[in-house]
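1. Provide a 3D model corresponding to the input given below.
(one chain, ligands or ions: 1)
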Amino acid sequence: MRFAKYAAVIAAAGALALTACASGSPNDAGGDTSAPAAAEDVNFDAGTTMAKLHDAGKITIGTKYDQPLFGLMNPTTNKPEGFDVEIGKIIAAKLGLTEDQITWKEAVSANREPFIEKGEVDIVVATYTINDDRKQVIDFGGPYYIAGQDLLVLSGNPDGITGIDDVKGKKVCSVTGSTSEENLKKEGVDVLATDTYSNCLEPLRSGEVVAVSTDNVILAGLADQNQGEFEVVDNPFTEEPYGIGLKKGDDDFRGFINDTLQESFDDGDWAAAWEKTAGKVLSTPEPPKIDNY
Ligand code: GLU
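-> Below is the predicted model:
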C-alpha cells in the first residue's frame, strides 16, 4: 500500500509519523457529516473577545478549501472538512457556539495575516506555521500540530529525488506567502509560485516542475486524493508548528484558545478530531506542547 512507506518516523519533523492506515480511501475529503456538537454552557468576562463572539452567536473562521485531510470543501454539504476544520469547531464549541453558528471563509496562504488584521475573520486555522515574522502582525494560539516541509514527485520518482539537495537550482512549485516558498528560496531552489497547492499539481504532471513542496501532511493529502499519481519523498527538512491565528495583542483570547487546545489534548477531543480526518491516512501523533509565549 502506498502509505506503507511512511511507517518510518520522520526525525526532522519531531512528533510527525505518517503511516499506512487501513481505512484510508481515495478521494476521501477527510471529515464526516455527523450532527453538530452541542454548544457548551459558558460564561465570559464582559468586554472579552470570547464574550463578544458568544453574545453575537457567531464566529468567522478562515481555513483552506483545497487541502485534503486538513481543509477541503465538500461540494455536497458546501462545508469544509478536515483536521483544521475540526480544530475550529472545538474552539467554537468552547465559546458556546454550534457548528451552524460558524461562518467558514476560504483562506489561501497569502491572505491569512490580512484577513486577521482587517477583522475579516475572527481566527485562522489553516495549516498556519507559527513564526516570528508573522508574530509581528498577528498572534498565534497553539501549536496544535507539528508538520515538516517535504517534496511531492510523480509516482515512481522519475528524477530520483531523495531530498531538498536534489532540487537545488531546479524548478519546484509552491505557494505565495507560505513558509514553504520562503524556505525553498533560502535553499536556492527555483520556485514556481502559485496561489494554492492544488494549482501546483498540473505543473508537476506536465513536467514544468520536478516537484511540489510544502508541509508533508498537505502533500500526503494531495497524494491520497490523486491515488497512484504522486508520492511524497518523505524526507522533511523543516519544522512547521501549526498555530491558530488571531488579532495581535488579544492576550485573553489567546489564553482561551491555548486552554481550549490543552483541554482537547487531555480529554481526547483532539485525537478524535485527528482520527476522523487526517487519521484516515496518517497515524495519530502525540499532541505538541502549547507555547505560552
Ligand atoms: N505551513 C506553511 C505556512 O503556513 C505552509 C502551508 C501553507 O501555506 O498553508 O506557510
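
2. can you list the residues of the chain near the ligand?
-> Applying C-beta under 6 Å from any ligand atom, one finds that the chain approaches the ligand through 109, 126-129, 175, 178-180, 214-215, 218, 240. Bear in mind the C-beta positions are built from the backbone N, C-alpha and C, glycine included.

3. now, which of the residues you listed lie within strands?
-> 175, 214-215, 240 (DSSP state E).

4. now, the most widely separated pair of those?
-> 175 and 240 (13.1 Å; C-beta to C-beta).

5. When these two are compared, which one has more neighbours?
-> residue 240 (28 against 24; other C-beta atoms under 10 Å).

6. is it possible to export the residues of the chain next to the ligand to JSON lines including distance to residue 149?
-> Below are the residues of the chain next to the ligand laid out as JSON lines (distance: C-beta to C-beta, whole Å):
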{"residue": "109", "distance to residue 149": "13"}
{"residue": "126", "distance to residue 149": "16"}
{"residue": "127", "distance to residue 149": "11"}
{"residue": "128", "distance to residue 149": "14"}
{"residue": "129", "distance to residue 149": "9"}
{"residue": "175", "distance to residue 149": "12"}
{"residue": "178", "distance to residue 149": "9"}
{"residue": "179", "distance to residue 149": "7"}
{"residue": "180", "distance to residue 149": "6"}
{"residue": "214", "distance to residue 149": "6"}
{"residue": "215", "distance to residue 149": "6"}
{"residue": "218", "distance to residue 149": "10"}
{"residue": "240", "distance to residue 149": "6"}
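
7. What's the ChimeraX syntax to select whichever of the residues you listed are buried?
-> The buried subset of the residues of the chain next to the ligand, as determined by 16 or more other C-beta atoms under 10 Å, is captured in ChimeraX by this line:
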select :109,126,127,128,129,175,178,179,180,214,215,218,240
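
8. what sits against the residue in the stretch 151-293 of the chain that the ligand sits nearest to?
-> Of all residues in the stretch 151-293 of the chain, residue 178 sits closest to the ligand, at 3.3 Å by C-beta to the nearest ligand atom. Taking C-beta atoms under 8 Å, 6 or more residues apart in numbering as the criterion, residue 178 is in contact with 109-110, 214.

9. Run me through the strand neighbours of the helix or strand harbouring residue 141, direction for each.
-> According to DSSP states H and E, residue 141 maps onto strand 138-147. Its sheet considered, strand 138-147 pairs with strand 240-247 (antiparallel) by DSSP bridges.

10. How far off centre is the strand it pairs with?
-> Centroid separation for strand 240-247 versus its chain: 10 Å, with C-alpha atoms, centre = their mean, to the nearest Å.

11. Going along the chain, name the strands of this structure.
-> 59-63, 66-67, 71-74, 79-81, 102-106, 123-124, 138-147, 149-154, 171-175, 190-194, 211-215, 230-232, 240-247.

12. Turn these into a markdown table, including distance to residue 274 and mean pLDDT.
-> Formatted as a markdown table, the strands of the chain follow (distance: least, C-beta to C-beta, whole Å; pLDDT from 0 to 100):
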| stretch | distance to residue 274 | mean pLDDT |
| --- | --- | --- |
| strand 59-63 | 16 | 98 |
| strand 66-67 | 15 | 97 |
| strand 71-74 | 14 | 98 |
| strand 79-81 | 13 | 98 |
| strand 102-106 | 19 | 98 |
| strand 123-124 | 19 | 98 |
| strand 138-147 | 8 | 98 |
| strand 149-154 | 19 | 98 |
| strand 171-175 | 24 | 98 |
| strand 190-194 | 28 | 98 |
| strand 211-215 | 15 | 98 |
| strand 230-232 | 18 | 98 |
| strand 240-247 | 12 | 98 |
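
13. Between these, which one is closest to residue 278.
-> strand 138-147 (8.6 Å).

14. now the angle from that closest one to strand 211-215?
-> Here the directions of strand 138-147 and strand 211-215 differ by 110 degrees (axes from the mean of the first three to the mean of the last three C-alpha atoms, to 10 degrees).

15. and residue 114, how many residues sit next to it?
-> 14.

16. Can you give me every residue that contacts it?
-> residue 120.

17. again with residue 126
-> 62-64, 70-71, 84, 107, 109, 112, 245.

18. Most widely separated two among those?
-> 70 and 245, at 14.5 Å, using C-beta to C-beta across those.

19. what's the closest of the contacts of residue 126 to residue 194?
-> When the contacts of residue 126 are compared against residue 194 (criterion: C-beta to C-beta), the nearest one is residue 109, at 10.0 Å.

20. Relative to the ligand, how far out is residue 106?
-> 12 Å (C-beta to the nearest ligand atom, to the nearest Å).
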